[in-house]
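**Q** using only what follows, build the 3D model:
(one chain, ligands or ions: 3)
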Amino acid sequence: MMKAVDRHLADILAAVRPLAPMEVDIENALGTVLAEDVASPMPLPPFDNSAMDGYAVRAEDVAATPVMLPVIEDVAAGDGGVHAVGPGLAARIMTGAPVPAGADAVVPVEWTDGGTARVTISRPAPFGNAIRRAGEDVEAGDLVLRAGTRVGPAQVGILAGVGRRRVTVRPRPRVVVLSTGAELAEPGTPLGAGQIWESNSFMLAAAVRQAGGEGFRAGAVTDDPREFLEALDTQLLRADAVITSGGVSMGAYEPVKEALAPLGKVAFEKVAMQPGMPQGFGLVGPDAVPIFTLPGNPVSSFVSFVLFVKPALLAMQGLPTGPPPTVRAATTAPLRSPAGKRSFLRAVLSGGVVAPVHGQGSHQLAALASANALIVLPEDVTELPQGAEVEVIQL
Ligand SMILES: Nc1nc2c(c(=O)[nH]1)N[C@H]1C(S)=C(S)[C@@H](COP(=O)(O)OP(=O)(O)OC[C@H]3O[C@@H](n4cnc5c(N)ncnc54)[C@H](O)[C@@H]3O)O[C@H]1N2
Ligand code: MOO
Ligand SMILES: [Mg+2]
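**A** Ligands and ions are numbered 1, 2, ... in the order given. A predicted model of the protein is given here:
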């Protein structure tokens, strides 16, 4: 009896915990998830200021144009002095400069002759023209960011904008990716007989990064279980989670299974899915680090990541998680799926329809690279006609 996909994910999510929050400089916060609500200590903007380079005036003084007003002073951005504009007067003002007391409109320089001692204004500026009001963006005490928000560039910006230098976040999970297989050669080096270029660790480390983690390739080890255990021991020192690829099936040289099964910490199971049937998960080492032992076939590895590892990484970052979200679309071709297994067919989703790509073998990495979606066919479905509505995971 194979294990259900949903059961396997539920077991994983029951075992992983959010990483402990830590304080970081906002320059290092990109990609992390906030572990605190962030409020603004003051209004933004903090004071009424000019939105344009021009002249601060009283709107009633420029209601009828053309009109000439004496220019009493300059107010530049950063000017902390006390300024006031009396009736019938103007102050030259720059973008971002505080609006002098008494002024209630800014006339852009384009509507004037640009004078410095006196200025001729050719167009009326209504009350409040080109003035950015204090608190217009944020009131003092307003929450600007909530705990659980992923920090992107704009979030880094508002953290700085409310005067924060440090912030409490959940760190990016550090995930070590260990590939196994005597047949694997580093890309960029020549292939020996019987060898292929190693791709899974690159792909999985990239997938980790895309899911908000830091992915480290620990390189490939051969099919010796002792060598694998040594590599794992070393890597555990820096890892919040470990992903292995390969060496978990039914063959004679299955180093991951051979090394870990006797320790009793990792459950090796057959999950009712295609691709990605041989799966393993457990907690290893003194710090009970989650380990995902993914099947070696590249497409199987990738699909396993999408279904099981990514939701776990989101949980470790304190984010809402669960099965990958799906959308519905009509298939452009008839579909087949093995009975009793949930299938994940590589496909292209576009314009509301989804087309399975040519090449559905779990070794066909180029076909995967041409896809942008996975069609999900439930366990009890074996055939669907062209035009049928299906669930689709967008990649
Ligand atoms: N008798 C059976 N044989 C197999 C079964 C089974 O149930 N009975 N299951 C098949 C399925 S399904 C899968 S998936 C694979 C899983 O195999 P392993 O996880 O043990 O992986 P390997 O044997 O090491 O490799 C499988 C395949 O993938 C290639 N590979 C592995 N690692 C990489 C890598 N880092 N980069 C690129 N390619 C990689 C490897 O060369 C093999 O071709 O087992 C089936 N067999
Ligand atoms: O289940 Mo394997 O993952 O199909 O090739
Ligand atoms: Mg194998």
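
**Q** so what are the sheet partners of the helix or strand of the chain with the lowest mean pLDDT and their directions?
**A** Least confident element among the helices and strands of the chain, by mean pLDDT, DSSP states H and E: strand 214-221 (a mean of 89). Strand 214-221 sits in its sheet next to strand 174-180 (parallel), going by DSSP bridges.

**Q** and the spatially closest residue to residue 149 that is not a sequence neighbour, how many neighbours does it have?
**A** Once flanking residues are discounted, residue 149 sits nearest to residue 34: 4.8 Å by Cβ to Cβ, 6 or more residues apart in numbering. (Each C-beta comes from the backbone N, C-alpha and C, glycine too.) By the criterion of other Cβ atoms under 10 Å, residue 34 has 22 neighbours.

**Q** correct me if wrong: residue 34 contacts residue 143.
**A** No - contact criterion Cβ atoms under 8 Å: residue 34 and residue 143 do not qualify, at 10.9 Å.

**Q** returning to that earlier point: got the buried residues for the helix or strand following the least confident helix or strand of the chain?
**A** The C-terminal neighbour of strand 214-221 among helices and strands, as given by DSSP states H and E, is helix 225-236. Across helix 225-236, burial judged by 16 or more other Cβ atoms under 10 Å covers 225, 228, 229, 231, 232, 235, 236.

**Q** check stretch 175-192 too.
**A** Across stretch 175-192, burial judged by 16+ other Cβ under 10 Å covers 175, 176, 177, 178, 179, 180, 181, 183, 184.

**Q** give me the secondary structure label for the most centrally placed residue in the chain.
**A** Nearest to the geometric centre of the chain sits residue 212, at 5.4 Å (Cα atoms, centre = their mean). Under the three-state scheme (DSSP: H, G, I helix; E, B strand; the rest coil), residue 212 adopts coil.

**Q** and it, how close does it get to residue 170?
**A** 9 Å (Cβ to Cβ, to the nearest Å).

**Q** roughly how far apart are residue 174 and ligand 3?
**A** Distance of residue 174 to ligand 3, computed by Cβ to the ion, to the nearest Å: 27 Å.

**Q** also residue 141?
**A** Here residue 141 is placed at a distance of 59 Å from ligand 3 (Cβ to the ion).

**Q** name the nearest residue to that residue, ignoring sequence neighbours.
**A** residue 39 (5.7 Å).

**Q** now the stretch 51-200 of the chain against ligand 3: closest residue?
**A** Proximity of the stretch 51-200 of the chain to ligand 3 (Cβ to the ion) peaks at residue 181, 8.1 Å away.

**Q** equivalent analysis for the stretch 251-395 of the chain, please.
**A** Nearest residue of the stretch 251-395 of the chain to ligand 3, counting by Cβ to the ion: residue 251, 4.1 Å away.

**Q** retrieve the pLDDT associated with that residue.
**A** With respect to pLDDT, residue 251 scores 85.

**Q** element containing it, please.
**A** Residue 251 belongs to no helix or strand when elements are defined using DSSP H and E.

**Q** any idea how far residue 184 is from it?
**A** Counting by Cβ to Cβ - residue 251 and residue 184 are separated by 15 Å.

**Q** on that earlier part again, the residue nearest to residue 141 touches residue 146, doesn't it?
**A** No - using Cβ under 8 Å as the test, residue 39 is too far from residue 146 to be in contact (10.2 Å).

**Q** of those two, who's got more company?
**A** Using other Cβ under 10 Å as the criterion, residue 39 and residue 146 rank with residue 39 on top: 14 against 10.

**Q** backbone dihedrals for that one, both of them.
**A** The phi/psi pair for residue 39 (degrees, to the nearest 10) reads phi -110, psi 160.

**Q** ok, it - contacts?
**A** Neighbouring residues of residue 39 by Cβ atoms under 8 Å, 6 or more residues apart in numbering: 141, 142, 143, 144, 162.

**Q** quick one: the first one and residue 43 touch, right?
**A** No - under the criterion of Cβ under 8 Å, residue 141 makes no contact with residue 43, lying 9.1 Å away.

**Q** neighbour count: these two, which is higher?
**A** Higher neighbour count among residue 141 and residue 43: residue 43, with 17 against 10, using other Cβ under 10 Å.

**Q** that older thread, tell me the two of the buried residues of stretch 175-192 that are most distant?
**A** By the measure Cβ to Cβ, 175 and 183 form the most distant pair in those, at 23.9 Å.

**Q** what number of residues lie near residue 68?
**A** If you count neighbours by other Cβ under 10 Å, residue 68 ends up with 13.

**Q** re earlier: pull the contacting residues for the residue of the stretch 51-200 of the chain closest to ligand 3.
**A** 198, 220, 222, 223, 246, 247, 296.

**Q** out of those, who's the most crowded?
**A** Comparing the contacts of residue 181 by number of neighbours (other Cβ under 10 Å), residue 246 comes first, having 30 neighbours.

**Q** can you tell me, leaving aside adjacent residues, what's nearest to that one?
**A** With Cβ to Cβ, 6+ apart, the residue lying closest to residue 246 is residue 296, at 3.0 Å.

**Q** circling back to that earlier point, for the residue nearest to residue 149, give me its contacts.
**A** Contacts for residue 34 (Cβ under 8 Å, 6+ apart) come out as 145, 146, 147, 148, 149, 151, 155, 167, 168, 169, 170.

**Q** hmm, 10 Å instead?
**A** 21, 145-151, 155, 159, 167-170, 318 (Cβ atoms under 10 Å, 6 or more residues apart in numbering).

**Q** narrow those to those that are buried.
**A** Neighbour counting over the contacts of residue 34 (16+ other Cβ under 10 Å) leaves 21, 145, 147, 149, 151, 155, 159, 167, 169, 170, 318 as the buried ones.

**Q** what does the stretch 201-350 of the chain have sitting close to ligand 1?
**A** Listed as neighbours of ligand 1 in the stretch 201-350 of the chain under the rule Cβ under 6 Å from any ligand atom: 201, 245-251, 254, 275, 277-278, 295-298, 300.

**Q** type out the PyMOL command that picks the buried ones from these.
**A** In PyMOL syntax, the buried subset of those is picked out as below (16+ other Cβ under 10 Å):
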select buried, resi 201+245+246+247+248+249+254+275+277+278+295+296+297+298+300
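
**Q** many thanks, we can stop here.
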